[in-house]
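Enquirer: Quick one, fold the following:
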Amino acid sequence: MKRKVLIVGIGAGNPEHVTVQAIAALNQADILFIPNKGDEKADLAQLRHAICERFTAADSGHRLVDFDVPERDRSHPAYEQGVADWHDAVQQVYERLLVEEFSEGETGVFLAWGEPALYDSMLRVFERIAAKGSFDLDYEVVPGISSVQALAAAHKIPLNRIGESILITTGRKLAEGFPANADSVVVMLDGQCAFKTVDPDTEIYWGAYLGTEDEILVSGRLGDVAQKIERLRREARDRKGWIMDTYLLRKPRKG
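Expert: As a prediction, the model looks like this:
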């Protein structure tokens with residue numbers, strides 16, 4: 001039996017960011033899979049439910065399947081091995097869903113936060129499942145609006161300066177030093193405020209909970225706003241129990 005899966009990017013948090021293509025994909029679904037990442041992130045699952053209710057036809061006949069997503073062991077001494085172990089655990093969950101939830105001819109939709117091709121593990125896991133060949137799997141990807149796009153739009157800026165390069169990286173990599181071959185750097189997945197290690201004359205455009213009613217924006221010279229961002233980030237995380245933030249750094253202008 002062939003399993004047909006659509007991996008649908010639903011944007012960074014604003015339901016208005018769900019694209020026409022994504023809406024069409026949601027309405028193809030016999031099964032809509034809603035990941036649950038624990039009580040602290042329950043509002044993310046609730047937003048997914050709200051998107052499904054808003055954009056799917058009342059007579060579509062789909063069913064909703066909530067499932068728990070394993071957490072990565074962040075205390076693992078080897079980062080890459082820790083991620084590999086986590087992917088193994090997530091793969092087992094997806095394989096179970098593909099075996100237990102599908103009937104002949106059905107289409108399942110997995111809702112991915114933001115853009116599934118950008119710093120998200122879902123595509124890697126489905127690639128591994130397809131390569132394993134335990135069953136016939138056909139999957140497609142519907143792109144979404146990423147937090148990077150939402151960040152630039154919220155600050156009303158282009159990501160790059162004229163004729164200059166831009167690089168997308170993680171806080172973990174930024175802590176090793178500002179990339180020598182980039183003028184502007186977008187940083188994602190930074191739980192340690194790695195921007196504190198950067199030249200204080202660097203410009204920063206920071207945003208948290210982008211596209212949601214909790215959105216927070218700060219911009220300016222890093223030396224002037226770094227402590228403010230760190231404080232706002234800590235307070236927001238304490239208040240909500242989780243935080244998603246992204247930021248753009250630009251090298252100081254010459255001369």
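
Enquirer: Give me the below-cutoff pLDDT ranges for this structure.
Expert: Of all residues in the chain, those with pLDDT under 70 make up the ranges 255.

Enquirer: Domain ranges for it, per the record?
Expert: As given by automatic domain parsing, the domain ranges for the chain are 3-142, 147-250.

Enquirer: Can you add mean neighbour count and give those back as a markdown table?
Expert: Yep, even glycine has a C-beta here, placed from its N, CA and C like the rest. Converted to a markdown table, those look like this (neighbours: other Cβ atoms under 10 Å):
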| stretch | mean neighbour count |
| --- | --- |
| domain 3-142 | 16 |
| domain 147-250 | 17 |
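
Enquirer: distance of residue 75 from residue 190?
Expert: Between residue 75 and residue 190 the distance is 18 Å, computed by Cβ to Cβ, to the nearest Å.

Enquirer: Next: residue 59.
Expert: Using Cβ to Cβ, one obtains 44 Å as the distance from residue 59 to residue 190.

Enquirer: what's the answer for residue 112, then?
Expert: When distance is defined by Cβ to Cβ, residue 112 is 20 Å away from residue 190.

Enquirer: go on, residue 46?
Expert: 25 Å.

Enquirer: Ok, residue 85 next?
Expert: Per Cβ to Cβ, residue 85 is found 22 Å from residue 190.

Enquirer: show me where the stretch 151-255 of the chain has helices.
Expert: Chain-ordered helices for the stretch 151-255 of the chain, with DSSP state H, counting those that start in this stretch as the definition, fall at 171-174, 222-240.

Enquirer: Distance to residue 99 added to these, as JSON lines?
Expert: Written out in JSON lines, the entries for the helices of the stretch 151-255 of the chain read as follows (distance: least, Cβ to Cβ, whole Å):
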{"stretch": "helix 171-174", "distance to residue 99": "35"}
{"stretch": "helix 222-240", "distance to residue 99": "35"}
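
Enquirer: Out of those helices, which is closest to residue 116?
Expert: For those, the distance to residue 116 is smallest for helix 171-174, at 20.7 Å, taking Cβ to Cβ.

Enquirer: In terms of secondary structure, what does that closest one contact?
Expert: Of the remaining helices and strands, those touching helix 171-174 by 3 or more Cβ pairs under 8 Å, 6 or more residues apart in numbering; DSSP states H and E are strand 184-188.

Enquirer: at 10 Å what do you get?
Expert: Using 3 or more Cβ pairs under 10 Å, 6 or more residues apart in numbering; DSSP states H and E as the contact definition, the elements that helix 171-174 packs against are strand 184-188, strand 245-250.

Enquirer: In JSON lines: those strands, plus distance to residue 201.
Expert: Listed next are the helices and strands packed on helix 171-174 as JSON lines, based on distance: least, Cβ to Cβ, whole Å:
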{"stretch": "strand 184-188", "distance to residue 201": "14"}
{"stretch": "strand 245-250", "distance to residue 201": "10"}
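
Enquirer: Tell me which of the ones you listed sits nearest to residue 172.
Expert: Of all the helices and strands packed on helix 171-174, strand 184-188 sits nearest to residue 172, with 9.7 Å by Cβ to Cβ.

Enquirer: Please name the strands paired to the closest one in the sheet, noting orientation.
Expert: Sheet pairing here is set by DSSP bridges, and for strand 184-188 it gives strand 166-170 (parallel), strand 245-250 (antiparallel).

Enquirer: Redo those as CSV? Include distance to residue 91.
Expert: Conversion of those to CSV gives the following (distance: least, Cβ to Cβ, whole Å):
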stretch, distance to residue 91
strand 166-170, 22
strand 245-250, 27
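
Enquirer: Ok, which of those comes nearest residue 223?
Expert: Among these, the nearest to residue 223 by Cβ to Cβ is strand 245-250 (12.5 Å).

Enquirer: report the angle between the axes of that closest one and helix 222-240?
Expert: Using axes from the mean of the first three to the mean of the last three Cα atoms, to 10 degrees, the direction of strand 245-250 lies 170 degrees away from that of helix 222-240.

Enquirer: now the nearest residue to residue 14 once chain neighbours are set aside: how far from residue 46?
Expert: Taking Cβ to Cβ, 6 or more residues apart in numbering as the measure, residue 14 lies nearest to residue 211, with 3.4 Å between them; neighbours along the chain are not counted. Relative to residue 46, residue 211 is positioned 15 Å away (criterion: Cβ to Cβ).

Enquirer: Good, wrapping up.
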